[in-house]
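Enquirer: No sequence on hand, only this structure:
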């Protein structure tokens, strides 16, 4: 959860000290981010696992990264020009997005799993292969006087291949979100909002599709 705090009652020396402390960020530093952060102990309840359904078997493979700059997934800039870049923990936004998608689907009860490569056609193989392309994926944290504004955006093309009849369906969605006036910014704040907008793409795909025997179709 994003932490937002007021600064009323803060003395001038303390404010100046915090300004100097929080405003000094390095140039070119890289902070790894997890696109599928684990829920905090405060929000996670016991036994929240969803029992898999009897639907088709689904495999999610890495997304193609179609962004112009694939070296990062955003940055944090300060009032003094310092800049810190964010990158995914695995080093590949396409793999991290696919892994997050597979985990999301499993949380919805799908028989889904992640694989680095498309499995060969086999009797015990997946019925549906999900892949896609990243058109936009970034989080930007801009620091002002004591407070930080965070913005995140994502745009994905998601493609489903039905192995039963070799048919395809494709959907494109874009989402954005923001958290303003964050006092104690931490990388986890960026992870949280970026994963939220990314999950919106997954959510829209699921909401607009349905299973048809061992295949997936648009509603």
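Expert: Noted; the coordinates are in hand. What you are looking at is a predicted structure, and each value in this text was computed from that prediction instead of being measured.
Enquirer: what's the neighbour count on residue 155?
Expert: 19 (other CB atoms under 10 Å). For glycine as for every other residue, the C-beta is placed from the backbone atoms N, C-alpha and C.
Enquirer: Enumerate every residue touching the residue sitting nearest the centre point of the chain.
Expert: Geometric centre of the chain, nearest residue: residue 195, 3.1 Å, by CA atoms, centre = their mean. Each residue near residue 195 by CB atoms under 8 Å, 6 or more residues apart in numbering is listed here: 34-37, 100.
Enquirer: Residue 126 falls within a helix, correct?
Expert: No - checked against DSSP: H, G, I helix; E, B strand; the rest coil, residue 126 lies outside a helix; its state is coil.
Enquirer: what's the spacing between the residue lying closest to it once chain neighbours are set aside and residue 89?
Expert: The shortest distance from residue 126 to any non-neighbouring residue, by CB to CB, 6 or more residues apart in numbering, is to residue 59 (3.9 Å). Counting by CB to CB, to the nearest Å, the gap from residue 59 to residue 89 is 22 Å.
Enquirer: all helices for the protein, in order.
Expert: 12-23, 93-107, 187-207 (DSSP state H).
Enquirer: Low-confidence regions, the chain specifically.
Expert: 1-28, 37-52, 80-81, 181, 183-184 (pLDDT under 70).
Enquirer: Strands of that one, start to end?
Expert: Here the chain has its strands, by DSSP state E, at 27-33, 57-60, 64-65, 74-77, 83-88, 111-114, 128-143, 148-162, 167-182, 209-212, 215-218.
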